[in-house]
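Trainee: A structural model of the following input is requested.
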Amino acid sequence: MRASRVRRGLAVVATALATAAMAPGAAAGQAPPQPGTTDVRLITFNDLHGNLEPPTGSSGEVELPDGSAVEAGGAAYLAAHLDRLRAQVPNSLVLSAGDSVGASPVNSALFHDEPTVEFLNSQDVRAHVVGNHEFDEGYAELQRLQGGGCHPEDGCRFRDSFDGANFPYLGANVSFEDGSPALLPFTVQLSGGVPIGIIGATLEDLPSVVSPEAVAGLRFGEEVAAIDRTADALDRFGIKAQVVLLHQGDEATGGGPDSCELEPGGPAARIAAAASPKVDAVFSAHSHQQYNCTATDPAGAPRPVVQGASFGRLLSVLDLSIDRATRDVVRERSSARNEIVTRDIAPDPETVALVQEAREKAAPIANRAVGTITGDLLKAAAPSGESALGSVIADAQLESTAAGGAQLALTNSGGVRADLPHGSSPAGEGDGVVTYGEAFAVQPFGNIMQTITLTGAQLKNVLEQQWTPEGATILQVSAGVHYEYSESAPIGSKVSGLTLDGEPVAPDAPYRVAVNNFLAAGGDGFTGFTEGTDLTGGPVDLDALLAYFAAHPGVVPPAPDRITVTD
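Mentor: Alright, predicted model coming up:
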């Protein structure tokens, strides 16, 4: 059934292509179009992650070129800025570069992100590439978000019915095991009398950042090959103006929304430079960074590569000038920029009502107090890579699995999704109160804790896997674990002085290590965890955190002294 649904979608796309190909300037025997250009504006956001409410802390700020920051984000403000930008250019299309859902705050996640899909529909989103978080609940749930219907287990909890997305989810490099497409590779949108081909491609290594069962039966191909294949197909149908929604991104090293200060060798820059010259621009995502860059395509022509941070804080705006005769983009007369979703304008009333509805329906659960803290618990990392909030989560996970023999806990920093600022309780409980909704925003995935046995040598190997040629991914460690690493040492030989509770970790000795099921399956490239033996189950990671807050009133932010950098 799922394959037939995609085939029906491809048939619809083929019809749209045929229609677009017969537009003025394409059909033989018609008078040539009048000379001149038409202006089309593409407005894209990425990595919204169900942030309907204005995000808080550093997650709700945009860094400016001078190093200062401005508050930004919130669906009602995002909608208001979309209205402003569309009013400036009548031929405007709104797009999403992925991860609109998943890892969402409680007022969206409690309802399987249906409120967020309703928001996207209200903003007339025309195309949406799948990100890795669109697969958090598996392919079947992604298809439900697309086609509608109540959740098979929880039913319709947000509203009496759910009609699904009004826009297509795209994935040119996503297929079933037999090679047949699992998602539409592209969509064609007519704007200003010209067709715009919108190609969607997600990260090839998506299976490494989701649980294996979520993508069982699916294959994720190389991005450039999929983009080129799709661009050629669009070109054969006369679709000359083409853009890519790419759920892959680079790391920025600073600057404001329109800077291009990137770590060299990033995957988005590589893809943007290698993909077909038929593509006129690339909207990237996934890394939650802000940048506005230019890549030189294989034919030697420049094209924009832009990303708009995350959580609805920025809108990436691409103003295209399209030649009416050739129907291709005039790149030298086109431009890209990032617009800050400031909170100094009137919010969109329709979206205010939607957000209020979600808030009120989630409130009985979200506003329940679950603990207290004495200071900010932030996910921002110290120079060593450890964070106060990550350390608390690791401590909570160790405590929740100690009865099963766990001696230490390691958790992935990417699973720490939001800050816990002191005194930010939406329930008005007073300074230091942590609510269920806030805790849920920190640990929204519902991963299961597991305890495995690793030798000391295997444990050190896992820690060495924190560094790859692409960069570092530092695991958060529980109290009692200490080690140091050398930044200048070669990959594979960085870690030294590994101790547990003050005793050196012996290479041949067994150690019981608590991790979530994502890491246990080798997630984030930590394949060393798959060598673990004697696996036993534990609680959900959020439940571990809730139990820790209940058992430890007034949690004190721990000092970042578990990991030491030597040079």
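
Trainee: which residues in the stretch 351-500 of the chain form helices?
Mentor: The residue ranges that make up the helices of the stretch 351-500 of the chain, judged by DSSP state H, counting those that start in this stretch, are 388-401, 436-442, 456-464.

Trainee: those helices: lowest mean pLDDT?
Mentor: Within the helices of the stretch 351-500 of the chain, the least confident segment by mean pLDDT turns out to be helix 436-442, at a mean of 94.

Trainee: what helices or strands is that one leaning on?
Mentor: Here helix 436-442 touches helix 106-109, helix 349-366, strand 369-372, helix 541-551, going by 3 or more CB pairs under 8 Å, 6 or more residues apart in numbering; DSSP states H and E. Yep, even glycine has a C-beta here, placed from its N, CA and C like the rest.

Trainee: contacting residues around the longest one?
Mentor: To tie it back to what came earlier, the one meant is helix 349-366. Helix 349-366 is touched from outside by 52-53, 75-76, 78-80, 106-108, 110-111, 115, 118-119, 122, 157-158, 426, 435-437, 440, with contacts defined as CB atoms under 8 Å, 6 or more residues apart in numbering.

Trainee: ok, G522 - contacts?
Mentor: For G522, the contact set (CB under 8 Å, 6+ apart) comprises S208, F529, T530.

Trainee: one more pass at 7 Å, please.
Mentor: F529, T530 (CB atoms under 7 Å, 6 or more residues apart in numbering).

Trainee: distance-wise, check it relative to V416.
Mentor: Counting by CB to CB, to the nearest Å, the gap from G522 to V416 is 19 Å.

Trainee: neighbours around G149, how many?
Mentor: Residue crowding around G149 was assessed by other CB atoms under 10 Å; the count is 13.

Trainee: any idea how far G522 is from G492?
Mentor: Computed as CB to CB, the G522 to G492 distance reads 17 Å.

Trainee: on that earlier part again, make a markdown table out of the helices and strands packed on helix 436-442 and add distance to I196 and mean pLDDT.
Mentor: Written out in a markdown table, the entries for those read as follows (distance: least, CB to CB, whole Å; pLDDT from 0 to 100):
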| stretch | distance to I196 | mean pLDDT |
| --- | --- | --- |
| helix 106-109 | 29 | 94 |
| helix 349-366 | 26 | 97 |
| strand 369-372 | 48 | 96 |
| helix 541-551 | 42 | 97 |
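
Trainee: deepest of those, which one?
Mentor: With neighbours taken as mean count of other CB atoms under 10 Å, the helices and strands packed on helix 436-442 reach their highest mean count in helix 106-109, at a mean of 27.

Trainee: contacts made by the next helix or strand after that one with the rest, please.
Mentor: Next helix or strand after helix 106-109 toward the C-terminus (DSSP states H and E): helix 114-122. The contact list for helix 114-122, computed with CB under 7 Å, 6+ apart, reads 48, 50, 52, 75, 96, 100-101, 104, 107-108, 145, 158, 162, 165-167, 350-351, 354, 358.

Trainee: CA atoms only: put the next helix or strand along the chain from helix 114-122 into PDB for me.
Mentor: The helix or strand immediately downstream of helix 114-122 is strand 125-129, counting by DSSP H and E. These are the backbone C-alpha positions of strand 125-129, laid out as PDB (Å, rounded to 0.1, in the frame of the first residue of the first chain):
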ATOM      1  CA  VAL A 125       3.900  25.500   2.800                       C
ATOM      2  CA  ARG A 126       4.400  24.100  -0.700                       C
ATOM      3  CA  ALA A 127       7.200  21.600  -0.200                       C
ATOM      4  CA  HIS A 128       9.000  19.900   2.600                       C
ATOM      5  CA  VAL A 129      12.100  17.700   2.500                       C
END
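
Trainee: who touches strand 125-129?
Mentor: By CB under 7 Å, 6+ apart, the surrounding residues in contact with strand 125-129 are 93-98, 100, 167-171, 187, 189, 198, 200-202, 245, 247.

Trainee: at 6 Å what do you get?
Mentor: Applying CB atoms under 6 Å, 6 or more residues apart in numbering, the set of residues contacting strand 125-129 from outside is 93-98, 167, 169-170, 187, 189, 198, 200, 245, 247.

Trainee: where along the stretch 251-400 of the chain do the strands fall?
Mentor: Secondary structure of the stretch 251-400 of the chain (DSSP state E, counting those that start in this stretch): strands located at 252-254, 261-262, 281-283, 290-296, 302-308, 314-323, 335-340, 369-372.

Trainee: out of those strands, deepest packed?
Mentor: Between the strands of the stretch 251-400 of the chain, strand 281-283 has the highest mean count of neighbours, a mean of 28, where neighbours are mean count of other CB under 10 Å.

Trainee: and that strand, which strands flank it?
Mentor: Partner strands for strand 281-283, per DSSP bridges, with pairing direction: strand 241-247 (parallel), strand 302-308 (parallel).

Trainee: still on that earlier bit, any idea which of the helices of the stretch 351-500 of the chain gets closest to V215?
Mentor: Minimum separation from V215 across those (CB to CB) falls at helix 456-464, 22.9 Å.

Trainee: which other residues reach that closest one?
Mentor: The set of residues external to helix 456-464 that reach it, using CB under 6 Å, 6+ apart, is G492, V495, L498, V505, A506, P507, A509, Y511, F526, G528, E531.

Trainee: out of those, which one sits closest to V481?
Mentor: Closest approach between the contacts of helix 456-464 and V481, by CB to CB: L498, at 7.9 Å.

Trainee: count the neighbours of that closest one for me.
Mentor: L498 has 18 nearby residues by other CB under 10 Å.

Trainee: roughly how far does it sit from L459?
Mentor: According to CB to CB, L498 stands 7 Å off from L459.

Trainee: now stretch 555-565: buried residues?
Mentor: Buried residues in stretch 555-565, counting neighbours by 16 or more other CB atoms under 10 Å, are found at V555, P557, P558, P560, R562, I563.

Trainee: which residues touch the third one?
Mentor: Meaning P558. Contact criterion CB under 6 Å, 6+ apart gives A388, S391 as the residues in contact with P558.

Trainee: Q248 versus that one, what's the distance?
Mentor: Counting by CB to CB, the separation of P558 from Q248 is 34 Å.

Trainee: equivalent analysis for the fourth one, please.
Mentor: As judged by CB to CB, P560 and Q248 stand 30 Å apart.

Trainee: check S68 and give its pLDDT.
Mentor: As summarised for this prediction, S68 has a pLDDT of 95.

Trainee: contacting residues around it?
Mentor: Neighbouring residues of S68 by CB under 6 Å, 6+ apart: there are none.

Trainee: next: the one 10 residues further on.
Mentor: Contacts here follow CB under 6 Å, 6+ apart; on that basis L78 touches G312, V341.
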